[in-house]
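A.B. asks: Make a model of this:
(one chain, ligands or ions: 3)
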Amino acid sequence: MRTVSVFGATGSVGESAFDLLIRAGGPATYRTVALTGGRNIRRLAEMAKALRAEIAVTAHAELLPDLREALAGTGTEVAAGAEAIAEAAERPADWNLSAIVGAAGLPPGLRVLRRGGMLALANKETLVAAGPLVRRTAREGQATILPVDSEHSAIFQCLIEADLETVERVTITASGGAFRDWPLERLARATVAEASCHPNWDMGQRITIDSASMFNKALEVIEAHELFGIGLDRLKVVVHPQSIIHAMVTHRDGATIAHLGPPDMRHAIGFALNWPSRAALPVAKLDLASIGSLTFAEPDETRWPALRLAREVIAAGGAAGAVFNAAKEQALDDFIAGRIRFPDMAAAVEHALSVAAGQPGFAQSPESLEDVLAWDALARMNAAEWKGAA
Ligand SMILES: NC(=O)C1=CN([C@@H]2O[C@H](COP(=O)(O)OP(=O)(O)OC[C@H]3O[C@@H](n4cnc5c(N)ncnc54)[C@H](OP(=O)(O)O)[C@@H]3O)[C@@H](O)[C@H]2O)C=CC1
Ligand SMILES: CC(=O)[C@@H](O)[C@H](O)COP(=O)(O)O
Ligand SMILES: [Mn+2]
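C.D. replies: Ligands and ions are numbered 1, 2, ... in the order given. Below is the predicted model of the structure:
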């Protein structure tokens with residue numbers, strides 16, 4: 001029987017994966033090794049019972065007694081803390097979904113790759129913060145990374161049986177998020193609630209706000225660069241408000257292969273779960289006539305400076321990805337907490353990048369998790385210290 005682990009099971013991606021596993025027969029079809037979550041102990045315990053998980057882990061040590069009580073008598077082991085999540089990732093499982101939000105997804109992802117596991121990667125921060133380290137770990141462990149981020153799953157699918165040599169351009173689409181059509185001067189007054197509404201996708205709050213600021217797309221440009229080895233000259237972002245086309249690959253003969261589908265993450269997760277086969281999935285089939293029109297526009301980098309920053313990060317290389325990701329996470333925390341305004345997030349990240357660029361070793365890619373975490377800590381401190389909004 002195929003074995004699976006889900007890291008970040010209680011989140012938006014985790015819930016979609018759970019839905020697929022249950023629909024496929026749950027414990028009759030898959031043996032679940034590890035399920036991990038954060039604060040949502042009730043849901044983690046429900047999932048662990050339904051899938052008869054070997055171990056359930058919460059990120060928070062103080063919640064261990066609650067988890068233990070919720071799973072008493074079920075046979076599911078319990079554990080807590082970041083190291084316990086990383087250790088759970090060492091348990092052999094054929095398919096491992098990385099769906100924790102933020103840089104906290106990196107340590108368990110690395111452990112999966114080190115043991116040669118198949119890593120279905122939704123956690124884009126893993127590749128942004130530590131692309132070269134992650135690729136090296138995968139190579140040494142003879143592990144497989146399957147993209148689950150919808151655009152990257154789409155690129156992967158467009159590239160099946162394609163010759164990378166003939167690819168002239170890879171385009172990923174961006175919905176434009178909550179503020180696509182807002183007057184620029186209104187952005188400084190944008191509230192957290194307004195930024196937390198995505199026009200098309202139902203996702204966790206952090207990625208939803210990142211969509212509004214275009215930091216999500218900036219992370220995805222770097223993620224595509226790391227995953228597919230595509231240089232900046234061949235990577236393009238186009239605003240596509242309907243989120244029906246997820247990515248396009250253009251060949252030198254002028255043909256463009258596009259991946260289309262309704263905005264439902266169960267496609268990308270289900271594709272990775274069943275790869276290299278294609279199973280029937282509970283995803284609506286497209287009815288283009290009822291959609292009517294698909295529209296496209298160039299991204300406005302005055303509105304979305306995150307896209308310019310992504311290009312600068314790729315051009316800089318070295319520790320820039322780790323700094324960019326961590327500074328963005330800090331700036332997002334500060335926006336959510338009301339300490340800075342919406343447009344200040346990009347300014348705080350740019351500040352953290354410019355401070356880090358003056359530090360010795362910035363030009364070298366971090367070679368270990370500890371190196372990544374050192375740059376991460378510095379970047380968070382510098383982003384938090386940015387006082388431009390005051
Ligand atoms: N949502 C989507 O459709 C998409 C998401 N992604 C990426 O997938 C990842 C997950 O996104 P999403 O599902 O929206 O996020 P959510 O916020 O919905 O879920 C995050 C998950 O991670 C857990 N978690 C939070 N903090 C920590 C931590 N410090 N340590 C361990 N676990 C933690 C949460 O636990 P709990 O809730 O119990 O506290 C939850 O299980 C992100 O990297 C995102 O960018 C990519 C493409 C699409
Ligand atoms: C579902 C998914 O992959 C998200 O990353 C999505 O792409 C967010 O949409 P935008 O960033 O395009 O608004
Ligand atoms: Mn995406």
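A.B. asks: so Leu133 touches Leu373, yeah?
C.D. replies: No: Leu133 lies out of contact with Leu373 (Cβ atoms under 8 Å); the separation is 11.3 Å. The way it works is simple: take the backbone N, C-alpha and C, and place the C-beta from them, glycine included.
A.B. asks: from the stretch 251-390 of the chain, which residue is nearest to ligand 1?
C.D. replies: Proximity of the stretch 251-390 of the chain to ligand 1 (Cβ to the nearest ligand atom) peaks at Met265, 4.4 Å away.
A.B. asks: okay, now that residue: neighbour count?
C.D. replies: Using other Cβ atoms under 10 Å, Met265 has 24 neighbouring residues.
A.B. asks: Contact partners for it?
C.D. replies: Going by Cβ atoms under 8 Å, 6 or more residues apart in numbering, Met265 touches Ser12, Val13, Ser16, Ala122, Val148, Ser150, Trp201, Met203.
A.B. asks: Those: which ones sit near ligand 3?
C.D. replies: Contacts with ligand 3 are made by Ser150 out of the contacts of Met265, judged by Cβ under 5 Å from the ion.
A.B. asks: For the contacts of Met265, work out which two are farthest apart.
C.D. replies: Farthest-apart pair in the contacts of Met265 is Val148 and Trp201; separation 13.6 Å (Cβ to Cβ).
A.B. asks: which of those two has more neighbours?
C.D. replies: Legend: neighbour count by other Cβ under 10 Å for Val148 and Trp201, higher for Val148 (27 against 17).
A.B. asks: Which of Leu133 and Leu373 has more residues huddled nearby?
C.D. replies: Set Leu133 next to Leu373 and count neighbours by other Cβ under 10 Å: Leu133 wins out with 23 against 18.
A.B. asks: show me the contacts for that one.
C.D. replies: Contacts for Leu133 (Cβ under 8 Å, 6+ apart) come out as Leu110, Ser365, Pro366, Glu367, Ser368, Leu369, Asp371, Val372.
A.B. asks: 7 Å instead, please
C.D. replies: Ser365, Pro366, Glu367, Val372 (Cβ atoms under 7 Å, 6 or more residues apart in numbering).
A.B. asks: Drop anything exposed from those residues.
C.D. replies: Neighbour-count burial (16 or more other Cβ atoms under 10 Å) applied to these gives Ser365, Pro366, Val372.
A.B. asks: Please narrow these to those residing in helices.
C.D. replies: Filtering the buried ones among the contacts of Leu133 for membership in helices, criterion DSSP state H, returns Val372.
A.B. asks: Closest to ligand 2 out of the buried ones among the contacts of Leu133?
C.D. replies: The nearest one, if we look at the buried ones among the contacts of Leu133 relative to ligand 2 and count by Cβ to the nearest ligand atom, is Val372, at 22.2 Å.
A.B. asks: okay, that closest one: pLDDT?
C.D. replies: Listed pLDDT for Val372 reads 98.
A.B. asks: Can you tell me which residues in the stretch 51-200 of the chain are near ligand 1?
C.D. replies: Selection of the stretch 51-200 of the chain residues close to ligand 1 by Cβ under 6 Å from any ligand atom yields Ala59, Ile85, Ala99, Ile100, Val101, Ala104, Ala122, Asn123, Lys124, Glu125, Asp149, Ser150.
A.B. asks: The residues you listed into CSV, with extra columns for pLDDT, neighbour count and secondary structure?
C.D. replies: As requested, these are exported to CSV (pLDDT from 0 to 100; neighbours: other Cβ atoms under 10 Å; DSSP: H, G, I helix; E, B strand; the rest coil):
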residue, pLDDT, neighbour count, secondary structure
Ala59, 99, 18, coil
Ile85, 99, 25, helix
Ala99, 99, 26, coil
Ile100, 99, 29, coil
Val101, 99, 22, coil
Ala104, 98, 18, helix
Ala122, 99, 31, coil
Asn123, 99, 28, coil
Lys124, 98, 27, coil
Glu125, 98, 28, helix
Asp149, 99, 27, coil
Ser150, 98, 25, helix
